[in-house]
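Participant: Predicted structure and sequence below. I'll ask about it afterward.
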Amino acid sequence: MRQLDAALDGPGRAGALESALGLRPFRAGRHRARGTVLIVTLWILVVLAGLVIVLARSMRVEAICSANHLASEQAAAAEQGAIQYVLASLDGLNGQVPAEADLVCHGVQVGSGAFWLIRPDRDDDRQLSYGLADEAAKINLNTATQEVLLGLPEMMADVPPAVIDWRDSDTDLTAGGAESEYYLLLAPPYECKSAPLETVEELLLVRLVSRDLLFGEDANRNGVLDDNENDADASEPPDDGDGHLDRGIFDLVTVYSREPNAAPDGSPRVNVNEAQSRELARTLAEAVSEERLPRIMDRARRGRPFQSTLDFYYRTGLTPDEFALLADRITTQGGRTYAGLLNVNTASREALLCLPGLDESDVTALVAGRTAEATQSGDVAWVTKVLSQEKAVAIGPYITTRSYQFSADIVSISGDGRAFRRCRIVVDATESPPRIIYRQDQTCLGWPLSPDIVSLLRSGVPLEEVLGATRQEVQ
């Protein structure tokens, strides 16, 4: 014991005690190193967890973008399918308007997408109409007279002369119109075009023409009174909240209507104002008997010039049956084409009211008289049966029964409702194959159909079921 106590009392007392008790000496440096490793490990785990979260989010965003891109491509493919369908439907019609029964325009499925061909219903602003729009059923801004332009709804008196000055090639100021002197004072300034309008929207550059005049309250141009178009000034666009849609004049005017000055079979028409007697006699002989031919020929020579084929009909004394056979074989103008004639078989009441000399009762008679039986011959002869001679002759230089340009407002959507597209095309069917002469992307105007279609598709309802339900609603 004394030896142990002596050992403990010496310098190695603490170490001996630790050895006797089985204790290891404390080394502070080693424990600090272990704590540092733990902290670094935790930070690495945090960083890795963050990277995993960021990567997962990035992958989710990529997946959403990929799905959206795929949906956009599906909508674009459906749109392209609709365009090809329209072109095929208008091929080989030779001026005839395609029958409504022959066109499928509502909810047409194309692969994984679908399309609609929409157009305004001039008689009902509460529902959509489907089909193609006949450009010859509209007033042509490049050929219409001031009197005709003034007949458009809500048209101000100073707008028609401004349109005339904008499109004519001279610099002479029309009374009430505007030339470059006016436009150069605007901010920004620009010259008066002094050339035909190329699009209907170009009308917005003309003095006094506003978006209200051109588009009215129909902000998305679907021809339907939507909620935001009937709430006064609560939301865009400004409207009067009267429960009726002011469509403006956009759907009543065009710059594209034109037809060949030829018979339906492509052969040249005979100009009754210039034709030699032998050529005119040969043409008239196709419809007039030998007994009546000399008298008709004499009146034809003495009556020149004729303002229209209807004028020729009345002043030569042709019978309705004779005129029906000749109406598409003769003309009163030279040149290869007519521009801006209004198709009386398809024009709306508003467009017909623009024709000189017609009142509401005359337009009512025209609309009632263009039955399938009356219009199947494809000529203007039937007009003589519903209008007086004076009024038929007055509108004769402005009318036709043929159409070669059509517009299509195409709406397409992907099968999952993620993406849609909308475009407007104008097709010229004068030659085969028809060609697109104008195309405008209108996707920015928004979805023009029922929002339920998009909601159902995005909720997972199959495209076929959604299209079937919408077809039943239309029927």
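Facilitator: Cool, the structure landed.
Participant: Tell me the buried residues in stretch 265-272?
Facilitator: 269-272 (16 or more other Cβ atoms under 10 Å). The C-beta positions use only the backbone N, C-alpha and C, and glycine is treated the same way.
Participant: and what of stretch 229-249?
Facilitator: In stretch 229-249, counting by 16+ other Cβ under 10 Å, buried: 229-230, 239, 245-249.
Participant: So which of those residues is the closest to residue 341?
Facilitator: Nearest to residue 341 among those, counting by Cβ to Cβ, is residue 249 at 18.7 Å.
Participant: The nearest residue to that closest one once chain neighbours are set aside: how many residues sit nearby?
Facilitator: Using Cβ to Cβ, 6 or more residues apart in numbering and skipping residues adjacent in sequence, the residue nearest residue 249 is residue 152, 5.0 Å away. Per other Cβ atoms under 10 Å, the neighbour tally for residue 152 reads 22.
Participant: So residue 152 sits against residue 355, correct?
Facilitator: No - when contacts are counted by Cβ atoms under 8 Å, residue 152 is not listed as touching residue 355 (11.7 Å).
Participant: Check which helices and strands the longest helix seen in the chain sits against.
Facilitator: Ranked by residue count under DSSP state H, the longest helix found in the chain is helix 28-89. With contacts defined as 3 or more Cβ pairs under 8 Å, 6 or more residues apart in numbering; DSSP states H and E, helix 28-89 has these neighbours: strand 108-110, strand 113-119, strand 405-414, strand 420-428.
Participant: for the record, mean pLDDT for it?
Facilitator: The average of the pLDDT scores along helix 28-89 is 86.
Participant: In strands only, show me the buried residues of stretch 265-272.
Facilitator: Counting by DSSP state E, those place 270-271 in strands.
Participant: Which member of the buried residues of stretch 265-272 is positioned nearest residue 67?
Facilitator: Taking Cβ to Cβ as the measure, residue 67 sits nearest to residue 269 out of those, at 57.4 Å.
Participant: what does the model give the closest residue in space to that closest one that isn't next to it in sequence for pLDDT?
Facilitator: Nearest residue to residue 269, sequence neighbours excluded (Cβ to Cβ, 6+ apart): residue 331, at 4.1 Å. pLDDT, residue 331: 93.
Participant: residues touching residue 331, list them.
Facilitator: Shown in contact with residue 331 (Cβ atoms under 8 Å, 6 or more residues apart in numbering): 261, 269-272, 309.
Participant: and those residues as TSV, adding pLDDT and distance to residue 446?
Facilitator: Listed next are the contacts of residue 331 as TSV, based on pLDDT from 0 to 100; distance: Cβ to Cβ, whole Å:
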residue	pLDDT	distance to residue 446
261	92	42
269	91	46
270	92	52
271	94	50
272	93	52
309	94	46
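Participant: Report the two of these separated the most.
Facilitator: It's 261 and 272 that sit farthest apart of those, by Cβ to Cβ, at 12.7 Å.
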